[in-house]
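Q: Starting from these lines, generate the structure:
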Amino acid sequence: MSASRDEAEPGRGTAAEGPQPPSHSLAHKLKSLMAQRKDARGRAYVSRTLSQAVEDLPDPPATTSFALIAKLAGGQQDNPTIKTVMALCQALGDVPPAHLLPHPGYDDLAALEAFEDPLARRLLVLLGGLPESEVRAVIAHLEDRRRTLGLPAVPDDGSVKPKRPRRRRTETEAAQYAADALEGL
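A: I've put the predicted structure just below:
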């Protein structure tokens, strides 16, 4: 009895599909963007249409063949040039290039797009260093304000976890830690 597709091992596809790229990989993110964004004809992007969209950019920053895009989306190549990433992001509707970095911290496309706004960055700087209770109060106020203005709610992805206060080492503990590190223990 074989495992169903839902019961398959995470990160693995069926034999016909081949292995699936990890969810934080460039391949996964690029495939997801190509499926979500629409080309000039209103269809999801495929390698050829995305390659053409890059070529159609005013002063394209790089030429990007459909074969290269297929390799990137399929996970056979995972180290594109900066120019290629910039061109793909521009062709896909000015996606923030950080989104394609293979790191979970850059998975939230909505947050990265909001971060493109200088006022949003200013707000983040102002929030830095405030006690957690103050930040939560600002979040509650902004959520209430969005409701009042009739704006859609922003989903809570659960990534905001309360920080545990970090215990500082005593002077003696710090000296011992440094000595251990130097000895390679």
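Q: Residue 46 reaches residue 34, doesn't it?
A: Yes: at 7.0 Å, residue 46 and residue 34 qualify as touching, with contact defined as C-beta atoms under 8 Å. (Each C-beta comes from the backbone N, C-alpha and C, glycine too.)
Q: Who has more neighbours out of these two?
A: residue 34 (19 against 16; other C-beta atoms under 10 Å).
Q: Spatially central residue in the protein, please.
A: Closest to where the C-alpha atoms of the chain average out (C-alpha atoms, centre = their mean) is residue 107, at 2.3 Å.
Q: Give me the nearest residue to that one, chain neighbours excluded.
A: Excluding the flanking residues, the one nearest residue 107 by C-beta to C-beta, 6 or more residues apart in numbering is residue 24, at 6.2 Å.
Q: residues near the one you found, how many?
A: 14.
Q: Give me the contacts around stretch 40-51.
A: Outside stretch 40-51, the residues that touch it by C-beta atoms under 8 Å, 6 or more residues apart in numbering are 33-39, 53, 64-70, 73, 88, 91-92.
Q: 10 Å - rerun?
A: Residues from elsewhere that reach stretch 40-51 (C-beta atoms under 10 Å, 6 or more residues apart in numbering): 30-31, 33-39, 52-53, 56, 63-74, 87-88, 91-92.
Q: What of stretch 144-158?
A: The contact list for stretch 144-158 (C-beta under 10 Å, 6+ apart) reads 107, 108, 110, 111, 114, 139, 142, 143.
Q: now the helix ranked longest in the chain: how far from the chain's centre is it?
A: In the chain, with assignment by DSSP state H, the single longest helix is helix 132-149. Relative to its chain's centre, helix 132-149 lies at 24 Å (C-alpha atoms, centre = their mean, to the nearest Å).
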